[in-house]
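> Sequence and computational prediction follow.
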Amino acid sequence: MIPDSFKQDLLNRVDIVDVVQRYVQLKKGGANFMGLCPFHGEKTPSFTVSPAKQFYHCFGCGAHGNAIGFLIAYAGLGYVDAIKDLAAGVGMQVPEWQPRTPEEAARKERETDLYGVMEQAMDFYRAELKKSPRAIEYLKGRGLTGEIAARFRIGYAPDGWQGLKVVFSDYSHSSLVECGLVIEGEEGKRYDRFRDRVMFPILSTRGAVIGFGGRVLGEGEPKYLNSPETPLFEKGREVYGLVQAREAIHAAGRVLVVEGYMDVVALAQFGVEYAVATLGTATTPIHVTKLLKLADELVFSFDGDAAGRKAAWRALEVSLPLLVDHKPVRFLFLPEGDDPDTFIRKHGKEVFEKQVAAAKTLSEFLIDELRQDADLNSNEGRAKFLSAAKPYLQKMGGSQLPTLVAKEIATLARQPEEAPSLLARAPTPYARSAPPKPSMARHFELEERVLTLVFAKPSLALEVDLQVLNPERDETKALAEIVGLIRQSASPEAVSDAMLIELTRDSEHHELIARAQAEFWMSLKLTAEEALGELKDTLAKLRTRTPEYEKSLSTKILKGLATAEEKRVYEERFLSKRP
Ligand code: UTP
Ligand code: MN
């Protein structure tokens with residue numbers, strides 16, 4: 001736990017331009033520095049570093065962050081290492097985290113310890129592989145070379161109940177159980193979790209060993225045995241093969257997500273090096289967010305069977321809200337009975353990559369699936385199709401994309417004029433429903449302006465009266481969080497743009513905040529004083545409940561046209577029925 005005050009000092013002292021320049025060639029252009037974005041392949045620079053704001057932003061791929069974030073995202077450092085690295089550069093000493101309780105002290109010790117334990121285990125398994133002709137034969141039989149095995153640090157856990165005793169003199173140490181290598185059975189009897197298995201180490205983004213997947217040699221149950229969730233390893237966050245794939249992902253501008261360890265390794269063996277695998281769990285939003293940051297295009301590959309299609313649909317649901325216009329998400333379905341491993345062996349790299357390039361886009365997959373359940377030749381079928389599509393369209397991220405997909409769907413249902421209604425979102429009824437009433441739009445604009453001002457000048461958060469804003473908007477929720485964080489911080493007036501990124505690093509609104517910060521950065525050219533004046537003005541207008549807005553809402557309600565959300569807003573705000 002590094003104190004926020006230290007991070008703030010550090011971010012004030014460090015110059016992000018210097019930090020980025022260690023890795024990326026930058027040229028000065030006006031107030032900012034520009035370069036080729038290191039996070040996606042591009043030929044004309046859209047990567048911008050702002051010395052005034054102390055953040056970077058890529059207008060091509062949306063990568064965004066402060067100096068700490070850059071070292072994490074680009075140099076692959078962990079959070080603490082990134083801070084230490086920056087501090088060393090400006091001669092600052094990171095305050096040692098002082099555990100306050102014996103439990104905290106024990107935990108700190110343990111975590112440092114667990115990484116060491118896992119690494120020793122990996123080294124042991126790798127050494128054992130060299131000694132096991134049977135395991136070597138198995139891997140050769142699956143077409144792997146020694147180089148590829150080494151690249152993925154593949155090993156072998158020998159057969160025997162306490163194989164790890166060789167490495168760990170204190171086999172009874174609790175850390176072995178804690179990192180999932182040893183199982184404690186009844187009556188305290190301990191034994192190795194992994195026995196007679198080919199071992200695939202799972203590495204964190206930084207390259208530390210955090211878990212293992214172990215495969216039986218041949219047939220057996222379970223086919224793969226995985227590390228349990230441990231303090232180091234959370235399945236829903238990690239993907240297999242990222243460390244090895246990182247460079248290739250940058251180069252290809254694409255990341256391929258497959259289902260199995262062997263798929264990743266086999267693809268790499270055939271020269272398709274930008275693949276990673278989820279770890280026997282369904283795709284999570286964390287996976288998608290993490291991977292979309294690394295590449296321009298995310299391709300999921302699923303087996304062509306029913307289970308594969310089901311998994312694909314889950315991935316679609318998870319990806320929908322995270323979509324951005326310029327980063328297509330695609331779905332590759334291999335012929336039934338094949339996975340990437342078997343497919344590339346049969347057909348080779350070129351055919352495989354052709355399939356990848358031709359993979360269905362998310363919207364194609366969505367429409368195909370919805371069509372399968374509805375007969376577009378009957379009114380009933382078309383009605384069903386429209387209703388089924390609606391919730392998906394409403395969840396879809398991106399700005400142009402949802403509109404385009406809604407148009408296509410409405411046209412398929414022979415109701416092209418219905419496209420806007422498919423997009424109307426419940427929480428922001430006047431945001432997308434077309435055409436908005438002018439006075440509604442005005443109110444919305446005022447709210448938008450408040451958010452803009454605060455995202456652009458974080459210290460203004462102190463002035464905001466949240467009561468006047470629509471509580472359902474994500475932006476308002478994010479704003480409420482920012483206001484709370486800034487008020488809590490030691491010197492609220494001094495929270496910089498770069499520090500705002502830091503304070504909200506773990507927030508569920510992090511992406512939104514980053515995006516807003518970048519979007520508004522270019523458009524807002526006010527002095528601090530002007531911004532404050534305008535904020536006060538805007539809030540006052542909102543507080544007086546703009547009469548036009550009030551009138552149009554009440555008209556709508558009288559006519560029975562208001563949505564449930566509008567009624568709620570009306571009651572809460574204008575009839576003062578606040579809980
Ligand atoms: P698959 O059953 O498709 O295996 O599981 P695979 O990847 O094709 O493996 P090979 O080619 O037979 O060696 C896909 C993924 O699901 C998880 C693993 O992560 C595996 O890579 N899995 C599968 C398990 O965790 N446990 C199992 O018993 C099976
Ligand atoms: Mn397989």
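Sure thing, it's come through. As the structure is a prediction and not an experimental result, all values here were calculated from the model. Ligands and ions are numbered 1, 2, ... in the order given.

> only C-alpha atoms for contact and neighbour calcs from this point on.
OK.

> just for the stretch 351-500 of the chain, where's the confidence low?
Scanning the stretch 351-500 of the chain for pLDDT under 70 picks out the ranges 425-443.

> so which residue of the stretch 201-350 of the chain comes closest to ligand 1?
Of all residues in the stretch 201-350 of the chain, residue 260 sits closest to ligand 1, at 3.0 Å by CA to the nearest ligand atom.

> Can you tell me, leaving aside adjacent residues, what's nearest to that residue?
Leaving out its chain neighbours, the residue that sits closest to residue 260 by CA to CA, 6 or more residues apart in numbering is residue 277, at 5.7 Å.

> What strands line up against the host helix or strand of the one you found, and which way round?
Secondary structure from DSSP states H and E places residue 277 in strand 275-278. Note on strand 275-278: by DSSP bridges, its sheet partners are strand 239-240 (antiparallel), strand 254-258 (parallel).

> For the stretch 151-300 of the chain, which residues are neighbours of ligand 1?
Within the stretch 151-300 of the chain, the positions near ligand 1 by CA under 6 Å from any ligand atom are 222, 223, 224, 225, 226, 259, 260, 261, 262, 263, 279, 280.

> thinking again about what came up before, can you give me the angle the helix or strand just after the strand holding residue 277 makes with strand 254-258?
Going down the chain from strand 275-278, the next helix or strand is helix 285-294, by DSSP H and E. Calculated by axes from the mean of the first three to the mean of the last three CA atoms, to 10 degrees, helix 285-294 forms an angle of 150 degrees with strand 254-258.

> looking just at contacts, which helices and strands does the helix or strand containing residue 403 meet?
Under the criterion of DSSP H and E, residue 403 resides in helix 401-412. Counting contacts by 3 or more CA pairs under 8 Å, 6 or more residues apart in numbering; DSSP states H and E, helix 401-412 is packed against helix 379-395, helix 419-423.

> Can I get the ones you listed in JSON lines including distance to residue 254?
Below are these laid out as JSON lines (distance: least, CA to CA, whole Å):
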{"stretch": "helix 379-395", "distance to residue 254": "24"}
{"stretch": "helix 419-423", "distance to residue 254": "29"}
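
> With ligand 1 as the reference, name the closest of those.
helix 379-395 (27.5 Å).

> Contacts for the closest one, please.
317, 320-321, 370-371, 373-376, 402, 405-406, 409-410, 413-414, 422-425 (CA atoms under 8 Å, 6 or more residues apart in numbering).

> For residue 297, give the beta-bridge partners.
residue 254.

> need the contact list for it.
253, 254, 255, 327, 328, 329, 330.

> please redo it, this time with the cut-off set to 7 Å
Neighbouring residues of residue 297 by CA atoms under 7 Å, 6 or more residues apart in numbering: 253, 254, 255, 327, 328, 329.

> Surely the second one touches residue 295?
Yes: proximity of residue 254 to residue 295 meets the contact threshold set by CA atoms under 7 Å, at 5.1 Å.

> right, and the helix or strand after the host helix or strand of residue 104?
In this assignment (DSSP H and E), residue 104 forms part of helix 102-131. Next along the chain after helix 102-131, taking DSSP H and E as the criterion, comes helix 133-141.

> burial of residue 416, as a residue count?
Residue 416 has 14 neighbouring residues, counting by other CA atoms under 10 Å.

> Find the nearest non-adjacent residue to it, please.
Once flanking residues are discounted, residue 416 sits nearest to residue 410: 4.7 Å by CA to CA, 6+ apart.

> now residue 448: how far from residue 533?
16 Å (CA to CA, to the nearest Å).

> what about residue 470, how many residues close to it?
As a burial measure, residue 470 scores 19 neighbours (other CA under 10 Å).

> Could you do residue 84 as well?
17.

> Can you report how many residues neighbour residue 23?
12.

> Just list the residues touching it, thanks.
By CA under 7 Å, 6+ apart, the contact set of residue 23 is empty.

> For it, which three-state class applies?
In three-state terms, and counting by DSSP: H, G, I helix; E, B strand; the rest coil, residue 23 is coil.

> tell me the phi and psi of it?
phi -120, psi -30 (degrees, to the nearest 10).

> try residue 361
Per degrees, to the nearest 10, the backbone of residue 361 is at phi -70, psi 160.

> Over to the one 4 residues further on?
Recorded main-chain torsions at residue 365 are phi -60, psi -40, according to degrees, to the nearest 10.

> where's it relative to residue 320, distance?
Going from residue 365 to residue 320 by CA to CA gives 12 Å.

> Report the contact partners of the closest residue to residue 201 other than its chain neighbours.
Nearest residue to residue 201, sequence neighbours excluded (CA to CA, 6+ apart): residue 212, at 4.4 Å. Neighbouring residues of residue 212 by CA under 7 Å, 6+ apart: 199, 200, 201, 202, 226, 227.

> so which of those comes closest to residue 179?
Using CA to CA, residue 227 comes nearest to residue 179 of these, at 8.0 Å.

> Right, I'll call it a day here.
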